[in-house]
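Trainee: Build the 3D model from these lines:
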Amino acid sequence: MLIIHSLQEVYEYVDISSFDCGNHALNEYLKKYAKQDVNRYLAKCFLATSNDNTLIGYYTLSSLSMLVDDIPQELISYKLPYRQIPMVLLGRLAVDKRFQGQGFGSELLVDAMKKVLDSPIGAFAILVRPKDENAKNFYAYHGFKILPDNIHMIIPVKVYKKLFQL
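Mentor: Predicted coordinates for the structure are as follows:
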């Protein structure tokens, strides 16, 4: 069972130094930059732990906007009268190698989406930039669509809510 905490809540007593998801950039971010980004209000970081505070994984959320013209029309079921559309960037999502393949990545993704849905701030979609082909497949499995730039993937919040009955 995962317990999700904000980084600030558990920073002093969860060991992040041994976290290893197999991706150097994701490991490095958590160990060196996550706390700085949280303190600078650039991102929110959430840690998933077990009951004994073993770090299982983490994800980050931040805001951004995208030009409406950059969003494939099939993802927008109605005419939007705005040039910029608010979104949430799921900047990082990682699970320690010891816990991969057990569904924790999916649990983290669902938790992130619940936070977006429960937020008092509106967001049309969640955007990700998968680090590799495995990540791309993970997000595609969860309903994300590749954008024309072939770098980012997106899922409208209402689509995710419907798919996963949140």
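Trainee: Next, give phi and psi for residue 129.
Mentor: phi -130, psi 90 (degrees, to the nearest 10).
Trainee: shouldn't it be in contact with residue 154?
Mentor: No - between residue 129 and residue 154 there is no contact under CB atoms under 8 Å: 10.4 Å. (Glycine included, C-beta is placed from N, CA and C.)
Trainee: ok, the two, which is more surrounded?
Mentor: Between residue 129 and residue 154, residue 154 has the larger neighbour count (other CB atoms under 10 Å), namely 22 against 16.
Trainee: Tell me which helix or strand comes right after the host helix or strand of the more buried one.
Mentor: According to DSSP states H and E, residue 154 maps onto strand 153-156. Counting by DSSP H and E, the next helix or strand C-terminal to strand 153-156 is helix 157-163.
Trainee: Adjacent strands (with direction) for the strand holding residue 154?
Mentor: As defined by DSSP bridges, the strand partners of strand 153-156 come to strand 125-128 (antiparallel), strand 145-146 (antiparallel).
Trainee: what is the mean pLDDT for that strand?
Mentor: Averaged across strand 153-156, pLDDT comes to 94.
Trainee: Ramachandran angles for residue 147?
Mentor: phi -80, psi 160.
Trainee: coming back round to it: can you tell me what sits against the strand holding residue 154?
Mentor: Outside strand 153-156, the residues that touch it by CB atoms under 8 Å, 6 or more residues apart in numbering are 71, 75-76, 87, 124-130, 136, 139-140, 142-147.
Trainee: Could you report the pLDDT at the closest residue to residue 82 other than its chain neighbours?
Mentor: Among residues not flanking residue 82 along the chain, residue 68 sits closest, at 6.1 Å (CB to CB, 6 or more residues apart in numbering). Per-residue pLDDT puts residue 68 at 86.
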